[in-house]
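Peer 1: Fold the following for me, if possible:
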Amino acid sequence: MIDSIIVKDFVSGYSIDSEKFKKNKYSALISVNFEKKKIIDFLDDKDIKYSFQAGPKTLILPLMNFNNKLILWDDPNPWFEAWLSRPLDPNLNKFILPAGEVDDLITLSAMDAKNLQYYKLKNISVKYGAKKILVLIVNVNKKQNNYTLGLKVFDGLEQKEVFLEEFNFLPSDDLNKDLLKLANQFSFYYDDLWVKKNIDKNNLRSRWIVEIRYTKFNQWIKVKNRLLNSDKVTNLVISSLSNKRAFLEINIVSDELLFKELVDKNYTIEKSNNTLKIIYKN
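Peer 2: This is a model prediction of the structure:
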């Protein structure tokens with residue numbers, strides 16, 4: 001079914017963002033623009049689940065355990081080099097790498113990263129404006145010309161391991177190439193996890209017609225912003241608006257949690273079937 005797609009039918013244009021010319025070699029970064037509506041219509045027609053939502057800005061900490069020696073900022077760190085050598089922008093999750101500046105070395109050691117020292121990880125995430133941190137520990141055991149390669153991933157701010165179910169990697173006999181291949185394979189795998197998570201959330205969502213009552217227009221702005229900033233609301237469309245009332249349609253991932261969130265903030269809620277009335281009391 002997907003194999004029959006004529007890609008050019010969905011392309012609206014392209015741009016060449018950078019070019020490099022070397023003897024017998026040419027390289028370029030080419031951005032291709034697609035018609036989003038055409039893609040959505042196609043996926044809906046084929047009843048294919050999808051998610052367009054981009055992931056958060058995520059700081060990657062490539063930690064190498066080489067023959068039981070931890071390496072993060074040390075030079076060389078082939079695992080860090082592998083991430084530096086690949087493009088970070090093609091992923092749904094916006095991956096970034098630390099610069100390895102002096103204050104990075106002071107803020108976080110390799111052992112701190114391995115032990116998921118929360119406040120140190122939090123400090124470095126603030127510096128880079130990252131919402132998430134992934135500590136990627138690659139374990140390399142080398143004996144003569146042979147080595148074994150394994151990967152463990154931890155969410156540094158949530159303080160838990162990211163379990164890599166059905167993630168299989170087969171090493172060859174070239175460590176540097178294998179590390180680059182592993183970085184690429186993991187980045188695409190993590191994107192798949194993100195898409196699956198969002199599809200699962202969308203499958204649980206419910207649709208509500210909402211009436212919001214207020215006495216001042218700035219109260220409407222406050223209610224609207226609260227709904228827009230809630231992670232329980234996945235979509236919001238305004239159908240009509242006056243100086244006293246607003247009508248909108250929203251999709252909610254967890255009704256119970258959103259209603260509790262609003263009540264805790266002193267909003268009055270009235271429910272009837274799939275119609276919701278929110279009254280601003282302050």
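Peer 1: So what's the residue count around residue 132?
Peer 2: When counting by other CB atoms under 10 Å, one arrives at 18 neighbours for residue 132. To be clear about C-beta, it is placed using only N, CA and C from the backbone, and glycine gets the same treatment.
Peer 1: Look up the closest residue to the residue positioned nearest the centre of the chain, ignoring the ones flanking it.
Peer 2: In the chain, the C-alpha closest to the average C-alpha coordinate belongs to residue 55, at a distance of 2.1 Å (CA atoms, centre = their mean). Among residues not flanking residue 55 along the chain, residue 93 sits closest, at 3.4 Å (CB to CB, 6 or more residues apart in numbering).
Peer 1: Test for you: state the pLDDT assigned to that neighbour.
Peer 2: pLDDT recorded at residue 93 is 74.
Peer 1: phi, psi of it?
Peer 2: phi -90, psi 130 (degrees, to the nearest 10).
Peer 1: Quick one: neighbours of it, just the number.
Peer 2: 19.
Peer 1: need the contact list for it.
Peer 2: For residue 93, the contact set (CB atoms under 8 Å, 6 or more residues apart in numbering) comprises 54-56, 58, 187, 190-191, 194.
Peer 1: And residue 265, by the same measure?
Peer 2: Going by CB under 8 Å, 6+ apart, the list of residues near residue 265 reads residue 226.
Peer 1: Tell me the spacing between it and residue 37.
Peer 2: 36 Å (CB to CB, to the nearest Å).
Peer 1: Quick check: the gap between residue 104 and residue 218.
Peer 2: Distance from residue 104 to residue 218, by CB to CB: 43 Å.
Peer 1: quick one: which of those two has more around it?
Peer 2: Comparing residue 104 with residue 218 by other CB under 10 Å, the one with more neighbours is residue 104, at 16 against 8.
Peer 1: Can you say which helix or strand has the more buried one in it?
Peer 2: helix 102-107 (DSSP states H and E).
Peer 1: Return the set of buried residues in that helix.
Peer 2: 104, 107 (16 or more other CB atoms under 10 Å).
Peer 1: Show me what that helix is packed up against.
Peer 2: helix 118-128 (3 or more CB pairs under 8 Å, 6 or more residues apart in numbering; DSSP states H and E).
Peer 1: residues of the next helix or strand after the helix it packs on that come out buried?
Peer 2: Downstream of helix 118-128, the next assigned helix or strand under DSSP H and E is strand 132-143. Neighbour counts over strand 132-143 (16+ other CB under 10 Å) mark 132-138, 140 as buried.
Peer 1: which strands and helices sit next to strand 132-143?
Peer 2: Strand 132-143 packs on strand 57-66, helix 110-114, helix 118-128, strand 146-155, helix 175-204, going by 3+ CB pairs under 8 Å, 6+ apart.
Peer 1: Now tabulate the ones you listed in a markdown table and tack on mean pLDDT and distance to residue 227.
Peer 2: Below are the helices and strands packed on strand 132-143 laid out as a markdown table (pLDDT from 0 to 100; distance: least, CB to CB, whole Å):
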| stretch | mean pLDDT | distance to residue 227 |
| --- | --- | --- |
| strand 57-66 | 93 | 23 |
| helix 110-114 | 95 | 37 |
| helix 118-128 | 95 | 27 |
| strand 146-155 | 88 | 27 |
| helix 175-204 | 82 | 16 |
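Peer 1: which one of those is the most hemmed in?
Peer 2: Mean neighbour count (mean count of other CB atoms under 10 Å) peaks for strand 57-66 among the helices and strands packed on strand 132-143, with a mean of 21.
Peer 1: Alright, that wraps it up for me.
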